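In: With the input below, show me the fold.
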Amino acid sequence: MKVKTLEEALEFVQSVGVCTIFHSEKSGIPALWDAVDLPETGGRTKWGQKVEAVWAWKNELPEVYPDDVYYGKIEGGFAALMTLDYLKEVQYPKAHRPVEECSDLAQQVYEIVRINPNTTGELRKEAMALHGCTKSRFDTALKQLQVTLNIARSNDPGLKNDTWVPFNELFLDWVEGGD
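Out: Okay, here's the model as predicted:
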């Protein structure tokens, strides 16, 4: 499949179930990057049309198709898109861990998110001020919370920056035993 549009990117995600955003031999799963058929040059920025499209689609797909696509991190810290069926039937049972099993800092960051969902930058500032962590340790804790499906990126349209919310707030209907 050669992907050139958002709609074709949706079809690609639906056809594979789960994919990374960018190519990685280590992930062992298909990559949206490899399916995109756009020039690596040109575009509105120095990054080129292909990078611009893939980077935009990682946010646009879950915003435009919130009942079809999820964006998050998978084991290894890879950014990935997946269908909600894949998320519910495969990824959640495989990857979810109670927040109590996460590092102390991840638990502290989760509490900040739980009380006040916010952007990565604002959460980092608050965590560094409250808990004296470094940017690197914060980033590791945030990634752990994403991989263990304790937080998720908000799909609210128009958000310019990643805004994090508790995972169960987005998927309460089935996380707590519903369907």
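
In: Give me the contacts around the longest helix along the chain.
Out: Counting by DSSP state H, the longest helix found in the chain is helix 49-64. Here helix 49-64 makes contact (C-beta atoms under 8 Å, 6 or more residues apart in numbering) with 6, 9-10, 13, 21-22, 32-33, 36, 38-45, 47, 68-71, 79, 81, 153, 155-157, 159. Where you see a C-beta, it was placed from the backbone N, CA and C, and this is true even at glycine.

In: Quick check: pLDDT value at Arg44.
Out: In this model, Arg44 is scored at 67, pLDDT.

In: re the thing from before, buried by neighbour count, from the contacts of helix 49-64: which ones?
Out: Buried subset of these (neighbour count, 16 or more other C-beta atoms under 10 Å): 9-10, 13, 21-22, 32-33, 36, 38, 69-71, 79, 81, 153, 155.

In: Helices - which of those land there?
Out: Checking these against DSSP H, those in helices are Ala9, Leu10, Val13, Leu32, Trp33.

In: Taking those together, which two end up most distant?
Out: The span of those, defined through C-beta to C-beta, is set by Leu10 and Trp33 at 15.8 Å.

In: Could you list the low-pLDDT ranges of this protein?
Out: Along the chain, segments meeting pLDDT under 70 span 43-46, 176-179.

In: Go again with 80.
Out: Scanning the chain for pLDDT under 80 picks out 1, 39-48, 157-160, 172-179.

In: Do you have the helices of it handy? List them.
Out: 6-16, 32-35, 49-64, 84-86, 92-95, 104-115, 120-131, 135-147, 167-170, 172-175.
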